[in-house]
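Student: this one's sequence-less:
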């Protein structure tokens, strides 16, 4: 039956104002476009091109064979939380009680959603960098909160400063949200700058939500776990996971670590929405923590080789790109073409069959840039650069 205009309007009227305020993901838009285009080289979706290391997958397969297919604790398997607590203490010197300060989530995305719903009331403000991961703003909006963006740029290596954050603090500010290594820029904030943000947060008594999903993907620098800084562990909600470092995106498993009161509130929401993370994913994560370090380091070394190739190649063709020190993204300027980031991405896909993500998908400060994910083969990176050079040579205006 064909829907009438009136019926269509009626259905639209059922949608909440909060849902209407959420824009479709700019990343997924281009993912859908490339899925329907033959011969595309994708530098778009941020996903490892490695398969999950076999010993990690085997742990999940073994668990299925043994019949581990039931619900687990809402917080996650006790053994996994204990292993995670050991990992965080060994890696960063931060001690968490596995029975109250850790929650296993359906990826970092769920952890982000849970913490916003746990701490925000309508009208509360969350300060975050711009550009930033696409879900940050949406998760705040879905609670009725207000995202407050702090612009960053290539000149300051896309790092947000304590002074810039302080300028945005009001009596409605409820939290500070940061994510380093950063998506989409690959920026890594120094320990000194993070310490300044920590001091600011303590002075204003604000919790800090620190998204550290790319913590293990750093090149020539050391990752600083925000919760390891002096005096801030009890006011930090640390978000991490297994997707990027262990090539486990489809397993959908992450974690939140933080003060017991906030983790308890997040768990109450989690138990009515997700119940628990799939048991086999938890078994795989446990194996990753126990024996996955060597595989993770091999992947990081490979990403580093690709990073050097793509950054040099982009600069050589006139798309100036600062050196990303983490994650697996380059964020070159496209200003020499005079195009908007969306126009550039669309024309590049149509004319040269290379998929990148427009920088504006990550915030207003991303305009004039595109995100290029180098989690793909060196062969594909080389071919993509050749096609992009041809495109830039054709459209260069400055």
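Tutor: Done, it's in. These numbers come from a predicted model, not from an experiment. Numbers count the residues shown, from 1 in each chain.
Student: Can you give me the neighbour number for residue 66?
Tutor: 9 (other CB atoms under 10 Å). In short, each C-beta sits where N, CA and C put it, glycine included.
Student: Equivalent analysis for residue 202, please.
Tutor: 15.
Student: residues in contact with residue 154?
Tutor: Contacts for residue 154 (CB atoms under 8 Å, 6 or more residues apart in numbering) come out as 320, 322, 331, 333, 369.
Student: Now the buried members of those residues.
Tutor: By neighbour count, with 16 or more other CB atoms under 10 Å, those hold 322, 331, 333, 369 as buried.
Student: List the residues that contact the third one.
Tutor: I take that to be residue 333. Counting by CB under 8 Å, 6+ apart, residue 333 touches 154, 319-321, 368-369.
Student: do residue 107 as well
Tutor: Neighbour list for residue 107: 241, 243, 252-254 [criterion: CB under 8 Å, 6+ apart].
Student: what pLDDT does it get?
Tutor: Residue 107 carries a pLDDT value of 96.
Student: now do residue 345
Tutor: Per-residue pLDDT puts residue 345 at 95.
Student: what number of residues lie near it?
Tutor: By other CB under 10 Å, the residues close to residue 345 number 27.
Student: Show me the beta-bridge partners of the nearest residue to it once chain neighbours are set aside.
Tutor: In space, and not counting its chain neighbours, residue 345 is closest to residue 358: 4.5 Å by CB to CB, 6 or more residues apart in numbering. Under DSSP bridges, the beta-bridge partners of residue 358 are residue 370.
Student: Quick check: residue 358 touching residue 334?
Tutor: No: the pair residue 358 and residue 334 fails to qualify as a contact (CB atoms under 8 Å) at a distance of 9.1 Å.
Student: shared neighbours of these two, which are they?
Tutor: Common neighbours of residue 358 and residue 334 (CB under 8 Å, 6+ apart) are 341, 344, 370.
Student: Could you pick out the longest helix of the protein?
Tutor: Counting by DSSP state H, the longest helix found in the chain is helix 293-316.
Student: residues making contact with that helix?
Tutor: The contact list for helix 293-316 (CB under 8 Å, 6+ apart) reads 48, 50, 53, 55-56, 216-219, 245-247, 320-321, 323-324, 328, 330, 332, 372, 374-376, 378, 381-382, 385, 388-389.
Student: quick one: contacts for residue 188?
Tutor: Residue 188 sits next to 180-182, 218, 221, 223, 324-326 when contact means CB under 8 Å, 6+ apart.
Student: Check the residues you listed against residue 17 and report the nearest one.
Tutor: residue 182 (30.3 Å; CB to CB).
Student: Is residue 144 in a helix, a strand, or coil?
Tutor: coil (DSSP: H, G, I helix; E, B strand; the rest coil).
Student: Number of residues surrounding it?
Tutor: Neighbours of residue 144 using other CB under 10 Å come to 15.
Student: Also residue 283?
Tutor: Neighbour count of residue 283, defined by other CB under 10 Å: 24.
Student: show me what contacts it?
Tutor: 59-60, 62-63, 68, 77.
Student: List only buried entries from these.
Tutor: Burial by neighbour count, 16+ other CB under 10 Å: within the contacts of residue 283 this picks out 59-60, 63, 77.
Student: Distance of the closest residue to residue 242 other than its chain neighbours relative to residue 258?
Tutor: Among residues not flanking residue 242 along the chain, residue 248 sits closest, at 4.4 Å (CB to CB, 6+ apart). Distance, residue 248 to residue 258, using CB to CB, to the nearest Å: 22 Å.
Student: now swap in residue 249 and tell me
Tutor: Going from residue 249 to residue 258 by CB to CB gives 24 Å.
Student: of the two, who's got more company?
Tutor: Each of residue 249 and residue 258 has its neighbours counted (other CB under 10 Å); residue 258 has more, 27 against 17.
Student: In helices, which of the contacts of residue 283 appear?
Tutor: For the contacts of residue 283, the ones inside helices are 59-60, 62-63, with DSSP H as the criterion.
Student: Secondary structure element for the closest residue to residue 162 other than its chain neighbours, which one?
Tutor: Among residues not flanking residue 162 along the chain, residue 196 sits closest, at 3.9 Å (CB to CB, 6+ apart). Following DSSP states H and E, one finds residue 196 within helix 191-204.
Student: same check, this time on residue 262
Tutor: Element membership for residue 262, per DSSP H and E: helix 260-273.
Student: And that helix, what's buried?
Tutor: Buried residues in helix 260-273, counted by 16+ other CB under 10 Å: 262-263, 265-267, 269-270.
Student: In TSV: those, plus distance to residue 116 and pLDDT.
Tutor: Below are the buried residues of helix 260-273 laid out as TSV (distance: CB to CB, whole Å; pLDDT from 0 to 100):
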residue	distance to residue 116	pLDDT
262	11	98
263	14	98
265	11	98
266	10	98
267	15	98
269	10	97
270	13	98
